[in-house]
Each structure stands twice: as structure tokens, then as C-alpha cells.
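**Q** return atomic coordinates for the entry below.
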Amino acid sequence: MDGADVDLDTVWKPPPGSLSGWYRCLIAGTTIATILLAYLAWHVIWTVYGCSYHFYGFWVRHGVWLGIAVCSLAAFAPASRVSRFVRLATLMPVIHLAAVVASVVLWHYLRVHAEGWPGYDVAVDPTNSMIAMPMHAWEAALAATFVLVSTALIIQPREWLQTMLVLALSFLLLFGAWLPFSVCGAVHGERTLSLLLEAPNAMLERALMPPLLAALAFTTLLMRWPRVARKSRGWIVMLTAALLLIAAFSQLSPAKPDTVLYVDTLQLVLLAQGLAIAALILAGVMMYVRTSRARSCVRGMATQLGTITDPDRDREPVVQVEFASWLRAPRILIAPFEVDTPTGAVLATGTRVLWNVPAATTCLAAGEQCPVLRRGDVVGVYRRDVAADGHPFRSMQHVQHLVIAAPGAIGGFTNMTLMLWRPAVAYMAIALAVMIPAALALHSLDIGIMIYGP
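**A** Numbers count the residues shown, from 1 in each chain. You can find the predicted model right below:
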């Protein structure tokens with residue numbers, strides 16, 4: 001074979017619907033890390049606060065991570081027309097949400113029964129005090145949701161759902177990386193751990209405001225000036241990676257008051273994680289609703305086949321899917337085109353198009369596009385012609401509804417996974433990055449308990 005005939009980009013890319021080895025390792029690694037962190041977290045919680053006569057110790061220590069493992073296998077096992085890793089990545093945020101809810105409920109009952117145990121008694125050991133949050137968890141969740149939605153509407157009203165998704169994911173990453181760094185050195189001098197846990201407002205403000213402002217700036221840059229964001233992506237990744245490394249190294253030392261303070265504030269990371277998962281789920285629900293409404297509107301409409309005009313015979317794409325960023329779902333780009341039908345030409349300008357996500361989108365890199373419809377393709381044309389009421393020429397007709405459907409545009413769960421797997425993988429990578437300092441802190445706390453006792 002002549003070397004000039006070999007396209008290296010095609011050789012190195014996986015087949016349509018498949019993922020590269022890097023993405024498969026990332027998804028598998030994050031799944032395993034989630035299981036290990038759940039095991040480590042509940043091992044430490046049971047060691048410090050467990051009450052064996054109220055609970056079955058095996059299920060408290062092992063129930064959550066076993067549930068995550070079973071759900072992950074159930075999501076991965078069934079066959080699919082696309083990679084199983086795509087489906088696992090799409091469903092993993094839901095599995096994380098179920099694990100977080102189960103952990104919160106289990107911790108609530110464990111804490112109630114552990115209050116009389118010395119490991120939880122503040123009088124015996126002040127470091128066993130829990131942080132006094134300025135508001136209840138549900139109030140904090142409502143306030144965070146209001147801020148998330150309102151700022152998304154301000155930054156980009158036309159794409160508020162995608163903006164909310166970018167903001168939630170970027171805040172989770174920045175807050176998870178900044179929190180371990182912000183609590184380092186917080187306990188010193190007269191600012192004892194007990195005082196910080198009883199009055200944490202100033203500390204929480206220092207922990208929340210910098211990542212929130214940085215996430216707002218990044219989201220505005222990405223949604224309003226995507227080209228500028230793409231050019232500065234290297235600097236952004238480098239700064240974020242440096243912050244994550246500092247956060248991880250800050251938790252390598254043996255257990256100390258700063259470690260206890262960081263572990264107590266991990267509930268805020270769980271809240272940010274819940275918001276990111278909720279944004280992903282809301283994006284999926286909204287896409288499903290919009291697709292269902294688009295398909296329901298064509299019921300009862302006259303249909304016929306047509307061919308997209310191709311005067312130059314260049315097969316130019318007219319409908320494309322663009323992969324702009326890992327933090328948002330792909331967007332559709334539609335250029336004006338005409339469709340030749342047996343009853344005449346139909347101009348499709350601003351027309352609703354029913355389409356499925358091509359399996360080849362799994363091979364796209366950031367900034368690349370994948371054609372959905374090209375000139376010369378056969379499409380379905382749905383239209384409803386009605387009389388123009390009140391028009392001086394009663395016999396004139398006009399098209400009230402016009403919908404163009406790509407071949408096989410039926411939607412389904414696979415179509416949703418192809419839309420959401422990229423932000424879901426981004427969430428998994430962010431969750432893995434945030435888990436590392438938390439796992440190191442829990443490990444340091446576990447070692448401290450083994451050396452000094454609970």
C-alpha cells in the first residue's frame with residue numbers, strides 16, 4: 001500500500017460508537033475509585049461513631065460500596081449498539097446520587113444512635129464536634145439551586161440549560177480543589193478547632209467565594225467567547241492541575257486539626273456534587289421532553305419523502321453536531337437548505353429537524369463537527385397545510401407546520417447516552433480529582449485513629 005493513502009487520524013481513532021483506551025480507563029478507574037472511597041469512608045465512620053448494638057456493622061461498613069458495585073455491573077453488562085462504557089458513564093452520576101442519598105440517610109440514623117458514645121461525645125474530645133452550618137442542608141440546596149439557575153439565565157439566556165451544566169461542573173472541580181487548600185493553617189493560635197466548628201462563617205466564606213467567582217468567570221468565557229476559552233484551555237488546565245496537586249499533598253501528613261476540619265466540611269463537596277448530578281439529570285430530562293414533544297407534533301401531519309437539493313453535487317453538510325466542550329452536551333448546527341418533494345420544493349429555514357446523534361460522535365475531539373444530514377440525502381417532510389383565515393383570497397393556502405426528519409430519527413435511550421456521555425465523563429473525571437484529597441484525608445484520619453485511638 002502506498003503510504004500516501006494512509007490517513008493516520010482514521011487509523012488511530014476507534015470505530016464509530018466505541019471509545020479510545022484512555023476514556024475506557026478513565027471511566028473504569030473512576031468507578032473503582034468510587035467503590036474504594038465508599039468503603040474507606042464508611043470504614044472510618046464506623047470506627048469513630050459505630051454503635052454495634054444498634055446496627056449491623058457489616059452492612060454499615062460494606063452496604064454502600066457493595067451497592068455501587070452491583071449497580072455499576074448492572075449498567076455495564078447489557079449489550080448495546082454503542083460501547084458499554086458510554087452507557088456506564090451516562091448512568092454513573094445517577095449511581096453516585098443514589099450512593100450519596102443512601103449515605104446521608106444512613107449517617108443520620110448512625111449519628112442519632114452514636115450521640116451517647118464517647119467517640120461522639122464533645123465533652124470527652126472536642127475534635128469530635130460536628131461543624132455548625134449556618135443553614136440546614138435543604139436550605140443550602142435551595143439557595144445553591146437558585147444561584148445556579150439565575151446566574152445561568154444571566155450568562156446565556158438562550159442556552160441556560162447548558163450554561164447551568166457548565167457552571168455546576170466547573171464549580172465542583174474548583175471547590176473540591178480549593179477546599180483542602182483553604183482549610184490548611186485555619187487552626188492556629190486562638191482559633192482552635194472547636195471555635196472554628198462552632199462559628200465557621202468566615203472560614204466557609206473563604207472556602208466558597210474564590211471557586212464560585214472563578215467558576216462564574218470560566219462559564220461566562222466558555223459560553224460567550226468559546227474560541228477564546230479554547231485558546232486558553234492549556235493555561236486553565238495547568239492551573240487547575242496545580243491546585244489539585246497542592247490539595248492532594250496537603251492531606252499527606254498525619255491526622256491533625258486541619259484534617260478533621262476538612263473532613264467535616266466534605267458535606268459541602270457532596271452538596272456541590274449533588275448539584276452537578278442534578279444539572280446532568282435535568283439536562284437529560286429536558287432533552288427527552290423536547291424530543292418527545294417534537295415527535296408528538298408530527299402525529300397526524302401529512303408526510304412525504306424528499307431529497308435535499310445538491311446543485312453542486314458536493315455533498316455539503318447542512319445539519320451537523322458540534323462537540324464544543326466536555327462540560328456541555330453537543331449542539332446542533334443547521335444551515336438553510338431546500339428539499340425537493342413530489343409536490344414541489346420546500347425551503348427549510350428555521351425549520352425544526354428531527355435527528356439522531358450519529359455513533360461517530362464518540363470519535364470527535366473538542367471543536368470538531370459530525371454531519372447528520374448532507375445535500376442529496378433523502379429525508380421525511382412533515383407538513384400541515386391549512387386555509388389562511390381572514391385572508392382576502394380564501395383559496396390561498398399556507399404551511400402552518402413544517403418538520404424535517406432524518407432517516408431513522410426515533411430517539412431512545414441510546415440517543416440520550418450519546419448526547420450526555422461527554423459531560424458525564426467530565427463529571428466522572430472531576431469526581432475522581434475531588435475524591436483524591438478526600439481519600440487521603442480519610443486515610444490520614446484512619447491512621448490517626450489506629451495510633452491514638454478514636
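**Q** which strands and helices sit next to the helix or strand in which residue 149 is found?
**A** Using DSSP states H and E, the element containing residue 149 is helix 137-155. Secondary-structure packing of helix 137-155 (3 or more CB pairs under 8 Å, 6 or more residues apart in numbering; DSSP states H and E): helix 160-183, helix 201-224, helix 266-296. Every residue, glycine included, has its C-beta placed from N, CA and C.
**Q** quick check: next helix or strand after the longest one?
**A** Once the chain leaves helix 266-296, the next helix or strand it forms, by DSSP H and E, is strand 302-308.
**Q** who are the packing partners of the following helix or strand past that next one?
**A** Tracing the chain C-terminally past strand 302-308 and defining elements by DSSP H and E, one meets strand 317-322 next. Helices and strands touching strand 317-322, as assessed by 3+ CB pairs under 8 Å, 6+ apart, comprise strand 331-334, strand 369-374.
**Q** hey, which of the helices and strands packed on helix 137-155 is tucked in deepest?
**A** helix 160-183 (a mean of 25; mean count of other CB atoms under 10 Å).
**Q** now that one, how far from the centre of its chain.
**A** 11 Å (CA atoms, centre = their mean, to the nearest Å).
**Q** how big is the angle separating that helix from helix 201-224?
**A** 140 degrees (axes from the mean of the first three to the mean of the last three CA atoms, to 10 degrees).
**Q** elements contacting helix 160-183?
**A** helix 137-155, helix 201-224, helix 233-249, helix 257-264, helix 266-296, helix 413-452.
**Q** about what we covered before: ok, which of the helices and strands packed on strand 317-322 comes nearest residue 422?
**A** Residue 422 lies closest to strand 331-334 among the helices and strands packed on strand 317-322, at 11.7 Å (CB to CB).
**Q** that older thread, out of the helices and strands packed on strand 317-322, deepest packed?
**A** By mean count of other CB under 10 Å, the helices and strands packed on strand 317-322 have strand 369-374 as the most buried, with a mean of 19.
**Q** can you give me the angle it makes with strand 302-308?
**A** Relative orientation of strand 369-374 and strand 302-308, computed by the same axes, to 10 degrees: 120 degrees.
**Q** and strand 369-374, what's its mean pLDDT?
**A** Across strand 369-374, pLDDT averages out at 85.
**Q** adjacent strands (with direction) for that strand?
**A** Note on strand 369-374: by DSSP bridges, its sheet partners are strand 317-322 (antiparallel).
**Q** which other residues reach the strand it pairs with?
**A** 308, 330-337, 353, 355, 357-358, 361, 367-375, 406 (CB atoms under 8 Å, 6 or more residues apart in numbering).
**Q** restricting to C-alpha, output it in PDB.
**A** In PDB, the C-alpha atoms belonging to strand 317-322 read as follows (Å, rounded to 0.1, in the frame of the first residue of the first chain):
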ATOM      1  CA  PRO A 317     -23.300  19.000   5.300                       C
ATOM      2  CA  VAL A 318     -26.500  21.000   6.100                       C
ATOM      3  CA  VAL A 319     -27.100  19.600   9.600                       C
ATOM      4  CA  GLN A 320     -24.200  18.900  11.900                       C
ATOM      5  CA  VAL A 321     -23.500  18.000  15.500                       C
ATOM      6  CA  GLU A 322     -20.700  20.100  17.100                       C
END
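**Q** touching, residue 206 and residue 182? I think so.
**A** Yes - counting by CB atoms under 8 Å, residue 182 is a contact partner of residue 206 at 5.4 Å.
**Q** re the thing from before, save the helices and strands packed on helix 137-155 as JSON lines, and put in mean pLDDT and distance to residue 248 too.
**A** Shown next, in JSON lines, are the helices and strands packed on helix 137-155 (pLDDT from 0 to 100; distance: least, CB to CB, whole Å):
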{"stretch": "helix 160-183", "mean pLDDT": "88", "distance to residue 248": "8"}
{"stretch": "helix 201-224", "mean pLDDT": "87", "distance to residue 248": "16"}
{"stretch": "helix 266-296", "mean pLDDT": "84", "distance to residue 248": "14"}
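**Q** these: which one's closest to residue 142?
**A** helix 266-296 (11.0 Å).
**Q** check which helices and strands that closest one sits against.
**A** helix 84-114, helix 137-155, helix 160-183, helix 201-224, strand 352-354, helix 413-452.
**Q** and if we set it to 7 Å?
**A** helix 84-114, helix 137-155, helix 160-183, strand 352-354, helix 413-452 (3 or more CB pairs under 7 Å, 6 or more residues apart in numbering; DSSP states H and E).
**Q** of the ones you listed, flag the one that's most buried.
**A** Among these, the stretch with the highest mean neighbour count (mean count of other CB under 10 Å) is helix 160-183, at a mean of 25.
**Q** burial count for residue 368?
**A** For residue 368, the count of nearby residues is 13 (other CB atoms under 10 Å).
**Q** mind listing what residue 234 touches?
**A** Neighbour list for residue 234: empty [criterion: CB atoms under 7 Å, 6 or more residues apart in numbering].
**Q** oops, could you answer that again for residue 338 instead?
**A** 309, 345, 346, 347, 348.
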